[in-house]
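In: Build me a structure from this.
(chains A, B, C and D)
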2 protein chains.
Amino acid sequence: MDQQGKATNRETREHNDRLVLATVYDDSPVSRADVARRTRLTRTTVSDAVERWVAAGICREVGRGPSTGGKAPILLEVPADARLLIGVDLGDQVFTAAVVNLRGGIRGRVDAPSGNASGRGALELAIDVIERALQLADGPVLGVGIGAPGLVDATAGTVIRAVTRDWRMLPLGPIVEERLGLAVHVANDCQVAVLGEHVFGPTRGPNLIMVKAGRGIGAGLVINGAPFPGDGYGAGEIGHTVVAPDGRMCSCGRRGCLETVASATAILDELADRFGRRVSLEEAVEQFRTGDPRVREVVLEAGRQLGTALGGLIGALHVRRFVLAGPLAAFGEPWSEAVAAAAKARALDALAADTTFELGLIEDVVVVGASALVMTRELGLTLAPLGAPRPHER
Amino acid sequence: MDQQGKATNRETREHNDRLVLATVYDDSPVSRADVARRTRLTRTTVSDAVERWVAAGICREVGRGPSTGGKAPILLEVPADARLLIGVDLGDQVFTAAVVNLRGGIRGRVDAPSGNASGRGALELAIDVIERALQLADGPVLGVGIGAPGLVDATAGTVIRAVTRDWRMLPLGPIVEERLGLAVHVANDCQVAVLGEHVFGPTRGPNLIMVKAGRGIGAGLVINGAPFPGDGYGAGEIGHTVVAPDGRMCSCGRRGCLETVASATAILDELADRFGRRVSLEEAVEQFRTGDPRVREVVLEAGRQLGTALGGLIGALHVRRFVLAGPLAAFGEPWSEAVAAAAKARALDALAADTTFELGLIEDVVVVGASALVMTRELGLTLAPLGAPRPHER
DNA sequence: GAACTTCGTCCGATGCATGGACAAACTTCC
DNA sequence: GGAAGTTTGTCCATGCATCGGACGAAGTTC
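Out: Predicted coordinates for the structure are as follows:
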């Protein structure tokens, strides 16, 4: 829980309230006494905090646990549907808005092909999709989270520029907030995706990098438990890093950007060049699965190129967990292993040894991550690593 | 000011005390009323905090300021020599310990050639140097900060491995702490260097990357105002990232590590190959300055290689400020501009445009940074960006 | 010289965590 | 079956923060 400005008694209480909620959220079902031990707060303080969360309906008692020699504890949990979240993915081809619960479960969804919609039209389409999703919500909605393409100022909720939609300095968050009368949070699509993996993924450490590879290639970073936007909101924009100075022309005007050698577009272009026939990504995946060695080589080479680019990050950041997601993840483990091998080959053994590359298993990770953005911000949660000893347990 | 565990009234006070001290430190001379406005604390709270710091001798009144229509304010400052810090650089060839004041000014220093000292011998030499520096201190010493080579667990003060000194899992911090009876903080040399630049440098933003280039190449990262060690304390270890797969053999067993193409050793090797005569770095710098075009080309090519490696970080992290330090900085602006140009050529224009590469101007930056480590940790300061609007002034 | 402004301090009010005491509920042991 | 011990969750008096208003001191403006 970062605290930049002054501290007051009120903030002390809010901080501890959040700490209690986060503990119940992570360790449920759990008793007040257990929460007190883990947080080192007194039972009194924990009881007070729980009382407030119960009153808000975000926490509830769920029966008694086994006794360990004394009074049996009253177990607490955060009901998955205590609040609903609207997660929005303003994707390349489809706008998706979904009703998501506090555990990342999708309870309803609305899709709309976005085609070449741009400017005001794209904005209205996005709002329309969100409004339709809101109708599906059958409980209290905490807020709306939006994963938008391009450069996004996640503090102000402003899209600084999104070329595909022709948005420049668009105050997307404030606009939607006013139209819907709900709290709205906006961030770059890769940034919300990595947050989704951080919050709802199988493990949770302080640091995490997610690489989303599809038509474009982008990454999102969680550093010290929080999304890291960089100084100018561009962190993770690795798609246009030059990896082959003499390579193909890229849409950005340079030659040999990562996207020209490792993206879905690059793979499909290369296959078309080699076989004189354009196939869809789905067809390529099918051919890859059935073992066509020529397709295999093209895909694995793309994976190796991606890995080479990521290898530099192992040494620079020594973040141990990379998650590979996006359409290219459909190529499965052979692809991800090609990425991992190429990345590790480029880094010092001692650093690469404990670095892992996983395939992202969360479906609709942008939608889910956008809702995670709402959950963490509205409830003020900064979820600490799971499993690892908490600071006070040292 | 990160707060991971529970919050109490006491911690509220400590937090606000630190906030007040940091404000006086950064904005001195400054009045209590001004501090109250900037921190949004009440004048009462600020007065109480100042009283405690004055009692400790870390803050004092320094006359009156001009009136703006009412009572003239009493100005406060943190006297530079209120506390002394011992900063230690366990360098490749020399161990240096210095007495440093709270503004990064070196008040005395002790050097000792370290040669090939290793194991216990190196440890004793380090302690000896520190003890001799301590004798030079003519005021209260806050603690000792050590910049050590290799992989360092800065939380525990343990050197995980430092090949040059043959240290493995050496609890350097605890050992020195027991021997001297003073607080001791240890971190990797690049990490303390970047902290030094962050704390004492001309500007202060939330994020900063320092690259130290000499015989080896390493980097240190300040992320969100704090040194970032990565998951396994290896962040910044970029020297052995492969940049030329078919390049020269490296001491690490791979081919084409960054150090084989961009370090001082690489430059001197290349010059020796081309001219059949080994020169020292000082001689090379002299020839470079006098404009020998052949030397010039070798040095600038090394700079370009370093820049190419750093270019990947611009997109990945979008950190705007890079500082280039270490012995190679002696090649001056032509070299740093080669680094900058190559780095920017590899990154997306929109991201590279506002990225700056500066030469580090702080002398003995490891020593000064090590003392900054002590200052920030012992006084609990997490110094916020300078100049930028503080959170409460928005 | 009177009115006004700003600074720094004093004081009572408020809100928070604390720790000890307590009843309730359960297990263990005799 | 009962007594003793243990654990849980709540109640209450206390201490310690910040807060806001009031005050005198010290300056400026008219």
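In: Briefly note if the lengthiest helix in chain A comes near chain B.
Out: With secondary structure taken from DSSP state H, chain A has its longest helix at helix A:293-317. Yes - using C-beta under 8 Å from any C-beta of the partner chain, helix A:293-317 reaches chain B at A:309, A:311, A:312, A:313, A:314, A:315, A:316, A:317. Just so you know, the C-beta spots here come from the backbone N, C-alpha and C atoms, and that holds for glycine as well.
In: Tell me how many other residues surround the residue in the stretch 201-350 of chain A that DNA strand C sits nearest to.
Out: Using C-beta to the nearest atom of the strand, the point where the stretch 201-350 of chain A gets nearest to DNA strand C is residue A:225, with a distance of 21.4 Å. Neighbours of residue A:225 under the rule other C-beta atoms under 10 Å in any protein chain shown: 21.
In: quick one: it from residue B:364, how far?
Out: Residue A:225 sits at a distance of 34 Å from residue B:364 (criterion: C-beta to C-beta, to the nearest Å).
In: Repeat that for residue A:228.
Out: Distance from residue A:228 to residue B:364, counting by C-beta to C-beta: 31 Å.
In: and the gap between the closest residue to DNA strand D within the stretch 151-300 of chain A and residue A:304?
Out: Per C-beta to the nearest atom of the strand, residue A:155 is where the stretch 151-300 of chain A lies closest to DNA strand D, at 23.2 Å. Relative to residue A:304, residue A:155 is positioned 37 Å away (criterion: C-beta to C-beta).
In: who's more crowded, those two?
Out: Neighbours per residue (other C-beta under 10 Å) separate residue A:155 from residue A:304, with residue A:304 holding more: 19 against 13.
In: Do I have it right that that one meets residue A:339?
Out: Yes - at 7.3 Å, residue A:304 counts as touching residue A:339 under the criterion of C-beta atoms under 8 Å.
In: rewinding a little: give me the phi and psi for the residue of the stretch 151-300 of chain A closest to DNA strand D.
Out: Torsion angles at residue A:155 (phi, psi; degrees, to the nearest 10) stand at phi -80, psi -50.
In: what do you get for residue A:40?
Out: Here residue A:40 shows phi and psi, under degrees, to the nearest 10, equal to phi 70, psi 10.
In: ok, back up a step: now do the contacts for the residue of the stretch 201-350 of chain A closest to DNA strand C.
Out: With contact set as C-beta atoms under 8 Å, 6 or more residues apart in numbering or on different chains, residue A:225 has these partners: A:198, A:206, A:382, A:383, A:384, A:385.
In: All the helices of chain A, residue numbers only.
Out: If DSSP H is used as the criterion, the helices of chain A fall at A:9-27, A:32-39, A:43-56, A:119-136, A:172-180, A:189-200, A:258-262, A:264-275, A:281-289, A:293-317, A:332-345, A:349-352, A:365-378.
In: got the buried residues for the first one?
Out: Pointing back at helix A:9-27 there. Burial within helix A:9-27, assessed by neighbour count using 16 or more other C-beta atoms under 10 Å in any protein chain shown, is assigned to A:11-12, A:15-26.
In: swap in the second one?
Out: For helix A:32-39, the neighbour count (16+ other C-beta under 10 Å) marks A:32, A:34, A:35, A:36, A:37, A:38, A:39 as buried.
In: likewise the shortest one?
Out: Judged by neighbour count using 16+ other C-beta under 10 Å, the buried positions of helix A:349-352 are A:350, A:351, A:352.
In: Now do that helix: distance to the chain's middle.
Out: Computed by C-alpha atoms, centre = their mean, to the nearest Å, the separation of helix A:349-352 from the middle of its chain amounts to 26 Å.
In: That helix and chain B, are they touching?
Out: Yes - counting by C-beta under 8 Å from any C-beta, chain B has neighbours in helix A:349-352: A:349, A:350, A:351.
In: got it, and the second one?
Out: Yes - residues of helix A:32-39 are located near chain B by C-beta under 8 Å from any C-beta, namely residue A:39.
In: Show me which residues of stretch A:356-368 are buried.
Out: For stretch A:356-368, a neighbour-count test (16+ other C-beta under 10 Å) marks A:357, A:358, A:359, A:360, A:362, A:364, A:365, A:366, A:367, A:368 as buried.
In: try stretch A:78-97
Out: By 16+ other C-beta under 10 Å, the buried positions in stretch A:78-97 come out as A:78-79, A:82-91, A:95-97.
In: tell me the average confidence for it?
Out: Mean pLDDT, computed over stretch A:78-97, is 96.
In: and the residue in the stretch 1-150 of chain A that DNA strand D sits nearest to, how many residues sit next to it?
Out: Nearest residue of the stretch 1-150 of chain A to DNA strand D: residue A:70, at 1.9 Å (C-beta to the nearest atom of the strand). Neighbour count for residue A:70, taken as other C-beta under 10 Å: 7.
In: one step back: tabulate the buried residues of helix A:9-27 (a markdown table), appending distance to residue B:116 and pLDDT.
Out: Output for these, formatted as a markdown table (distance: C-beta to C-beta, whole Å; pLDDT from 0 to 100):
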| residue | distance to residue B:116 | pLDDT |
| --- | --- | --- |
| A:11 | 54 | 91 |
| A:12 | 54 | 93 |
| A:15 | 51 | 94 |
| A:16 | 54 | 95 |
| A:17 | 57 | 95 |
| A:18 | 53 | 95 |
| A:19 | 51 | 95 |
| A:20 | 55 | 96 |
| A:21 | 56 | 96 |
| A:22 | 51 | 95 |
| A:23 | 52 | 95 |
| A:24 | 56 | 96 |
| A:25 | 54 | 96 |
| A:26 | 50 | 94 |
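In: contacts with chain B among those, please.
Out: A:11, A:12, A:15, A:16, A:19.
In: For the second one, which residues are in contact?
Out: Neighbour list for residue A:12: B:7, B:8, B:9, B:11, B:12 [criterion: C-beta under 8 Å, 6+ apart].
In: In the residues you listed, find the pair that's most separated.
Out: Taking C-beta to C-beta as the measure, these reach their widest spread between B:7 and B:9, a distance of 8.5 Å.
In: In this structure residue A:57 contacts residue A:81, no?
Out: No - using C-beta under 8 Å as the test, residue A:57 is too far from residue A:81 to be in contact (10.2 Å).
In: how close does the residue nearest to the spatial centre of chain A sit to chain B?
Out: Ranked by distance to the mean C-alpha position of chain A (C-alpha atoms, centre = their mean), the top residue is residue A:193 at 2.2 Å. Separation of residue A:193 from chain B (C-beta to the nearest C-beta, to the nearest Å): 16 Å.
In: so what's the closest residue to residue A:311 other than its chain neighbours up against?
Out: Nearest residue to residue A:311, sequence neighbours excluded (C-beta to C-beta, 6 or more residues apart in numbering or on different chains): residue A:346, at 2.9 Å. Going by C-beta under 8 Å, 6+ apart, residue A:346 touches A:307, A:308, A:311, A:312, A:314, B:241, B:242.
In: Cool, thanks, signing off.
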